[in-house]
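Novice: fold the following for me, if possible:
(chains A, B and C)
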Amino acid sequence: MPYLVHSPEDRAAMLETIGVKSMNDLLVDIPQSLRLESLQLPDGLSEFETMAQVSALAGRNHVYPDRLTFRGGGVYRRFIPAAVAAVTSKPEFYTAYTPYQAEASQGTLQAIYEFQTLIAELTALDVSNASLYDGATAVAEAAMMAFVHTGRNEVLVSGYVHPEYVQVLRAFGEGRGIKVRKGGEPNQKTAAVIFQQPDFLGLLVDAPGLTAAAHDAGALAIACVDPISLAILAPPGEYGADIAVGEGQQLGLEPSYGGPHVGFIACRRELVRKLPGRIVGEAHDASGRRGFALVLAAREQHIRREKATSNICTNHSLCALAASVYLTYMGPYGLRQVAEVGFRRAHALAERLAALPGWEMAFPERQFVNEFPMRVPKAPTVVKKLARKGILGGLDVYRWFRELKGVLTFTCTEVNDARALDELVAALK
Amino acid sequence: MADRRYTKTHEWITVDGKTATIGITDFAQSQLGDVVFLELPTIGRKIGAREGFGVVESVKAASDLYSPVAGRITEVNEKLSSKPELINSDPYGEGWILKLELAGDLPTDLLDEGEYKKVTEASAQ
Amino acid sequence: MTEPLSFELSRPAVDPPRLPEADVSGPAPSELLPKEALRARPPGLPRLSEPEIMRHYSRLASMNYSISENFYPLGSCTMKYNPVVNETAASLPGFAGLHPYQDEDTVQGALELMWRLERALCAIVGVERVTLQPAAGAHGEWTALRMIRAYQHSKGEARTEVLVPDSAHGTNPASAALSGFQVVEVKSGGDGRISLADLESKLSQRTSALMLTNPNTLGLFEREILDIAELVHSTGAMLYYDGANLNAFMGICRPGDMGFDAVHMNLHKTFTTPHGGGGPGAGPVGVKAELVPFLPMPTVERTNGHLMLDFKRPQSIGRVRSFYGNFGMLVRAYTYILAMGGDGLSQASQDAVLSANYLRKLVEGDLEMPHEGPCMHEFVASASHLSHENGVRALDIAKALLDRDFYAPTVYFPLVVPEAIMVEPTETESKATLEAFARAVKEIVALAKTNPQALHDEPKNLPVGRLDEVAAARRINTYLQGLSEDPVLRWKAPVQSPC
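Specialist: Below you'll find the model as predicted:
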């Protein structure tokens, strides 16, 4: 059997040392009525047969080429440098346990400390944690921080925040008695105003204005941000937001049908004690050598138990490592280049699409970075037509927003070369 | 009452007229380890007997603090924000946590030195 | 050995990586966007060449223990071998390249894998359906409690309490509080198992659920589980299973058959998905029929061989994360289950129990055993006597093991045992490794009696010695109060220089 190490002789010798006759003597506490004959599962397979079956399942999926992917909605195709997988596939990183025993985990801890610094720099806020599951749960965690910090139990979702993030926010809020309101102005019952920059349609919102309005009402401002866009857009720290959250999938992670990806959260100094999840800090040993360790553990669930802000026990450590490698590879200028190429190509594409008969920009007065909404005739037909030509076209947002009938969002990154744009436009003629 | 009284949750209290001073015991600080942070209440807050008023944190543990008596908080030991280790080095003196103005009589179930010692001995087993 | 931070290795003159040009005409961001919308200062990301980056991460990797190199006897963590073929499977382009918003017709293979994984997990734990959405154990736990609450609300019941054993892991009460419940502790009896009498006294019409691990966190099977289930159900409450210890009895018995209504599992424990230095994992939750309508949506449904995502679930508790689950981890777990099969999984649990009892026997002369055996897949020892007599604590033993190239067992948990040392060998450690570990323990205990001070100074052979976490916490405190600019929680440039 695969991965098992004991021979029948080993087992017999162990039973003898323990001083019992058979396994049944060790399982004596289990009531006979519960004992199974066997599991209702087929027997195991050779590695060859296992991979044949798994590959067959993979083969039943259609993978759109990166360059012909124009659909975003929170998950994007990006150039992933080979260095990322080379680092995350090192067994010392991917098979390592959670770094509770700091002295034996300096590799992971230092990598996460670097991640925290990178996120703090990107968002221009004081402190980041060691990562969360995804952008959606990061939004929910930020809302809970605001609830605990202000004592108010309502959060206001402003504008087009990712609908799945809002769904998760509602699910988390319900258990805590947090109400989620969409639209309108913050008031004395508002713990936080949550907005997304750029929003779910790809459009820029008035982040400084929303932040000021939140503060005027005594609420916190939570900005859900696109990490690559932060190479060119003003980061939350520059306009005074209290907490920044977001999805880090674009930083070196494959789409992988939605997961695992990585959420990030950063905040102002005053809110750090309310941050959920793990945090790595610097420490020294008796000889003065610098090392890193999990800190502020007393916030966390295993110590505060029912009084913790959150129950989150874990971080998406390996995904955060991927993000760190990506950002380190890119550096400030590489990241800027990635963002600018996407910006230019998306604007060129938008202009060409808007020239198609019956097509127009939805919200033409608003700016975008590399994702934008188009109002098109017969949206579902357009999407199917593109799919038939092997192109993953625009995202139909009507499924979430009933006021946006006929609106498709298109995205364009550095992987969509100029010829791919030609192919897309040609396919629509 | 000049001498200290204690609670089962390891707080101590001394009373001078209508003012009570409260802290945590030497046993409690030794169990916690090096104190690194305290979450303290605001002055003016009214608190009931056995009500939680804050948290004391060490690197690996966090303990809730319960007031032995009912009253209104008049003073909080500001030194503890920058020097939480005073709780370890001098739990009954410089490590005092707060003072309050008593509302009513002292509860009758406060422990004296001997009774508290029995509690700590039982805990240590 | 210490390795500088990437930020400390950074040099301003390093070329940025070559990236594609835009190749289109059109405005730059600074030409279109108003100045206020643009970033004033570039982010302080490090600037390193690729050779320097690869060297940096290789050196960091060499400072890590990992299951690929070391034995991890961590109780309740099930640190077993991570099969390499699982990595091959998860990185197949046919899985890795799928966008979550692709049309269902184009992802039938992915949906079929999720459906088959769900059926396999149902068979292993004895439930009706499984949600694969939760990203981690605690996440799954919270999801289960929300479903239980929603179910009880649908019957017009507003139950406010969740019962948790005093030996439970901290996530249990945290998840309960997060779901809006009051937490009530149930005491263990002298034999380490939950006290039926105390349970009965704490159960009431206010009880929503009892959360239990079985075997419990002491590695002991709750013999009275059928009585416990009956007692809990008689008050209209539900029974929740914490799957941390599922490795003890796959193929031997099933939580569903014991009466558990919601069964949580950890794919990163029992089902070998790698820990990744802390994550990602996956925490699926199985449910009995009553809870099925409340499952997070979408679920994966199969009709006439065609798979679809079902969003038409009016009583669902909603979404607990974006998209459908940590799909990459689901692929790994499915590949493992396929390779092991029913026969392999059964043998795995039996070997896990056998190994734990063997190791327990080997060390029982050196460490105190607070409870009688046999244990299941893990056991809890105590360093209490060493602590009282020699001043050597569980922590010292843990650090001394690190110095001997073994990862430390879990220490100070469960809280009901003083100076607890919780050991779970798993089925993928050879007899020779177990014996080597037992010899190391023997040597350390002997040293504790002859030269305890030596142990207080360990580990000596690792990149750093014991870190002063108290000093770090105090520096953080000072920073958080605004009395210093030394962040401790991130690197900061000594002098702000423009990139």
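
Novice: is the top helix by length along chain B anywhere near chain C?
Specialist: Looking across chain B with DSSP state H, the single longest helix is helix B:113-124. No. Judged by CB under 8 Å from any CB of the partner chain, helix B:113-124 makes no contact with chain C; its nearest approach is 9.2 Å. No exception for glycine: its C-beta is placed from N, CA and C like everyone else's.

Novice: which residues sit against that helix?
Specialist: B:3, B:4, B:6, B:8, B:25, B:27, B:111 (CB atoms under 8 Å, 6 or more residues apart in numbering or on different chains).

Novice: buried set for it?
Specialist: Buried positions in helix B:113-124, judged by neighbour count with 16 or more other CB atoms under 10 Å in any protein chain shown: B:116, B:119, B:120.

Novice: circling back: of the contacts of helix B:113-124, keep whichever come out buried.
Specialist: For the contacts of helix B:113-124, buried by 16+ other CB under 10 Å: B:4, B:6, B:25, B:27, B:111.

Novice: distance to chain A added to those, as CSV?
Specialist: Shown next, in CSV, are these (distance: CB to the nearest CB, whole Å):
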residue, distance to chain A
B:4, 27
B:6, 24
B:25, 20
B:27, 20
B:111, 26
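
Novice: the stretch 301-450 of chain C: strands as residue ranges?
Specialist: Applying DSSP state E, counting those that start in this stretch to the stretch 301-450 of chain C gives strands spanning C:306-310, C:379-382, C:410-411, C:420-423.

Novice: next one: the stretch 151-300 of chain C
Specialist: Along the stretch 151-300 of chain C, the stretches classed as strands by DSSP E, counting those that start in this stretch are C:161-165, C:182-186, C:207-213, C:238-242, C:262-264, C:285-287, C:299-303.

Novice: what sits up against the first one?
Specialist: Taking contacts as CB under 8 Å, 6+ apart, the residues outside strand C:161-165 that touch it are C:145, C:172-173, C:176, C:179, C:181-188, C:194, C:199, C:202-204, C:206-213, C:216, C:237.

Novice: from the contacts of helix B:113-124, which land in helices?
Specialist: If you go by DSSP H, the contacts of helix B:113-124 have residue B:27 in helices.

Novice: report the two of the contacts of helix B:113-124 separated the most.
Specialist: The most widely separated members of these, counting by CB to CB, are B:3 and B:8 (17.8 Å).

Novice: please enumerate the helices of the stretch 151-300 of chain A.
Specialist: In the stretch 151-300 of chain A, helices defined by DSSP state H, counting those that start in this stretch lie at A:163-176, A:207-216, listed in chain order.

Novice: name the residues of the last one that are buried.
Specialist: Along helix A:207-216, the positions that meet the burial threshold by neighbour count (16+ other CB under 10 Å) are A:207, A:208, A:210, A:211, A:213, A:214, A:215.

Novice: let's have these in a markdown table, adding distance to chain C and pLDDT.
Specialist: Output for the buried residues of helix A:207-216, formatted as a markdown table (distance: CB to the nearest CB, whole Å; pLDDT from 0 to 100):
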| residue | distance to chain C | pLDDT |
| --- | --- | --- |
| A:207 | 8 | 98 |
| A:208 | 7 | 97 |
| A:210 | 13 | 98 |
| A:211 | 12 | 98 |
| A:213 | 16 | 98 |
| A:214 | 17 | 98 |
| A:215 | 17 | 98 |
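
Novice: closest one of the residues you listed to chain B?
Specialist: residue A:215 (21.9 Å; CB to the nearest CB).
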